[in-house]
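Chemist: pasted the sequence and its predicted model underneath.
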Amino acid sequence: MATEGRLPAGVDGVRCIEWNKNADTTAKTWGHPSVQGDVRDLTLYEGLSGTIDLMWASPPCQAFSLAGKRLGAKDERNGWPWTFDVVDHVRPRWVATENVVGLIHHREECPSEDCAGCYWEGVVRDFKKRYAHVSWRVLDAADYG
């Protein structure tokens, strides 16, 4: 377990925002400086001092999942706009995110407003407006045991 904000990976966690009460409790149990709330509430980031070296984000995936309706930008659960709001508010040196592979797949009627692959290309462009280096990879959890 981590203590005093030091996480097992050897980094200092400064803030975790978790929507789900049980997940928040679990994060706190493992030493993460978790706050239960909605990431869209920018007041939850007040009190952070100094430079944030790395921000990790996991925007909701339902809008892009191959198992869902894949409504993309039209889905109210699309969390990418909120993610960029937080990036612009916190201004971390680096950002790492994760999401579902469905985000990179294009529809046949491409380009269209609700095509996940087209939307992802826009996300990459938005990151490139903020950072000099942007890259992404598809990682399969099965490859990591």
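Modeler: That came in fine, so what should we check first?
Chemist: how many residues are close by the closest residue in space to Arg91 that isn't next to it in sequence?
Modeler: In space, and not counting its chain neighbours, Arg91 is closest to Ile52: 7.3 Å by Cβ to Cβ, 6 or more residues apart in numbering. All C-beta atoms are positioned from the backbone trio N, CA, C, and that covers glycine. Using other Cβ atoms under 10 Å, Ile52 has 17 neighbouring residues.
Chemist: heads up, I number from 825, so please use that
Modeler: Will do, 825 is the new start, and the previous item becomes Ile876.
Chemist: quick check: pLDDT value at Ile876.
Modeler: Looking at Ile876, its pLDDT is 89.
Chemist: doesn't it lie inside a strand?
Modeler: No. Ile876 sits outside any strand when classified using DSSP: H, G, I helix; E, B strand; the rest coil, being coil.
Chemist: check the residue nearest the centre of the chain and give its pLDDT.
Modeler: The residue lying closest to the centre of the chain (Cα atoms, centre = their mean) is Ala881, at 2.3 Å. At Ala881, the model reports a pLDDT of 93.
Chemist: which residues of the protein fall in helices?
Modeler: For the chain, the helices defined by DSSP state H cover 845-853, 904-914, 940-954.
Chemist: and the last one, what's buried?
Modeler: I take that to be helix 940-954. Buried residues in helix 940-954, counting neighbours by 16 or more other Cβ atoms under 10 Å, are found at Ala940, Gly941, Cys942, Tyr943, Trp944, Val947, Asp950, Phe951.
Chemist: Throw these into JSON lines and include distance to Cys885 and pLDDT, thanks.
Modeler: JSON lines is the format used below for the buried residues of helix 940-954 (distance: Cβ to Cβ, whole Å; pLDDT from 0 to 100):
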{"residue": "Ala940", "distance to Cys885": "10", "pLDDT": "82"}
{"residue": "Gly941", "distance to Cys885": "15", "pLDDT": "86"}
{"residue": "Cys942", "distance to Cys885": "17", "pLDDT": "86"}
{"residue": "Tyr943", "distance to Cys885": "12", "pLDDT": "88"}
{"residue": "Trp944", "distance to Cys885": "12", "pLDDT": "91"}
{"residue": "Val947", "distance to Cys885": "13", "pLDDT": "94"}
{"residue": "Asp950", "distance to Cys885": "18", "pLDDT": "96"}
{"residue": "Phe951", "distance to Cys885": "18", "pLDDT": "97"}
